[in-house]
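**Student:** this is a predicted model, with the sequence first.
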Amino acid sequence: MVHVWPLTLRDGELTLRPLQRRDRAAFERLRERNATWLRPWDATDPERSRGALPFRTIRRWNEEQARAGTHLPLVMTVEGRLAGQITAGPLQYGAMRSAVLGYWVDQDHAGRGVVPRAAGLLIDHLFGELGMHRIEVTVRPENAASLRVVEKLHLRPEGMRRSAIHVDGAWRDHLVFALTVEEVVAAGGGRGVLSRYHREFGADTPSV
């Protein structure tokens, strides 16, 4: 199993790829346009009251973490246009072989199946190419849209983590969902999370 960077993954018109220098204007417009939409779900730093990080800093951190093999930070594009981000990390090897997924999506692309497809695509890569054993997603109980994503991908609920992550200016409870590679093989005939999603919902079924 080899960690490859830069990485590009595709499913039809949906592409996951690294954030690039040429994305700056589109990325900044996207974040500005979605500021209110994303505020309840965006992680915040409890020791700083700063605003958004500069694009250059985000891209530098993405590249450093990806090349070190600790994270896979990717943007989601639909027909070539930025639609959000999805990140796997930290990537833990050895006895754990696990990763945590996080994501956000443009409000205009919500409800179109972008996030579950992107998550399925990345989970399949983590299991099949990087040899991960367990994938975890944490979701605020109030985030009905993200709860629907984990439901559609058959992630198993594991309980609540109290005050787990600093989000929107305070420590927030998060529900934990997980999936192991054995569960995918047993339920999906070994054909992967994304193919199971397509079989059950179709590529164009409205989702989140």
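**Tutor:** Arrived safely, thanks for sending. Residues are numbered from 1 along each chain as shown.

**Student:** check which element follows the lowest-mean-pLDDT helix or strand in the chain along the chain.
**Tutor:** Every helix and strand in the chain was compared by mean pLDDT, DSSP states H and E; the lowest is helix 181-188, with a mean of 78. Counting by DSSP states H and E, the next helix or strand C-terminal to helix 181-188 is helix 193-201.

**Student:** and Tyr122, how far from Leu14?
**Tutor:** Actually, residue 122 is Leu. It isn't Tyr. 11 Å (Cβ to Cβ, to the nearest Å). For glycine as for every other residue, the C-beta is placed from the backbone atoms N, C-alpha and C.

**Student:** how about the strands of this protein, start to end?
**Tutor:** With DSSP state E as the criterion, the chain has strands at 9-11, 14-17, 72-78, 81-88, 98-105, 134-139, 156-167, 170-180.

**Student:** Leu122 and Leu14: which is more packed in?
**Tutor:** Leu122 (25 against 21; other Cβ atoms under 10 Å).

**Student:** was I right to think the more buried one contacts Val100?
**Tutor:** No. In this structure, Leu122 is not within contact of Val100 by Cβ atoms under 8 Å, at 11.5 Å.

**Student:** how close does the nearest residue in space to Val167 that is not next to it in sequence get to Gly169?
**Tutor:** Leaving aside its sequence neighbours, Val167 sits nearest to Ala43 (Cβ to Cβ, 6 or more residues apart in numbering; 5.6 Å). Note on Ala43: its distance to Gly169, by Cβ to Cβ, is 11 Å.

**Student:** what does Leu175 give?
**Tutor:** Where Gly169 is concerned, Leu175 sits at a distance of 20 Å (Cβ to Cβ).

**Student:** can you put the strands of the chain in JSON lines and add distance to Arg33?
**Tutor:** Listed next are the strands of the chain as JSON lines, based on distance: least, Cβ to Cβ, whole Å:
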{"stretch": "strand 9-11", "distance to Arg33": "25"}
{"stretch": "strand 14-17", "distance to Arg33": "20"}
{"stretch": "strand 72-78", "distance to Arg33": "15"}
{"stretch": "strand 81-88", "distance to Arg33": "11"}
{"stretch": "strand 98-105", "distance to Arg33": "12"}
{"stretch": "strand 134-139", "distance to Arg33": "23"}
{"stretch": "strand 156-167", "distance to Arg33": "20"}
{"stretch": "strand 170-180", "distance to Arg33": "24"}
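
**Student:** out of those strands, indicate the one that is most buried.
**Tutor:** Mean neighbour count (mean count of other Cβ atoms under 10 Å) peaks for strand 72-78 among those, with a mean of 23.

**Student:** does anything pack onto that strand? Which helices or strands?
**Tutor:** Other elements packing on strand 72-78 under the criterion 3 or more Cβ pairs under 8 Å, 6 or more residues apart in numbering; DSSP states H and E are strand 14-17, helix 55-68, strand 81-88, strand 98-105, helix 114-128.

**Student:** what's the neighbour count on Arg21?
**Tutor:** Arg21 has 8 neighbours, counted by other Cβ under 10 Å.

**Student:** now do the contacts for the nearest residue to it once chain neighbours are set aside.
**Tutor:** Computed as Cβ to Cβ, 6+ apart, the closest residue to Arg21 that is not its neighbour in sequence is Arg59, at 7.1 Å. Neighbouring residues of Arg59 by Cβ atoms under 8 Å, 6 or more residues apart in numbering: 19-21.
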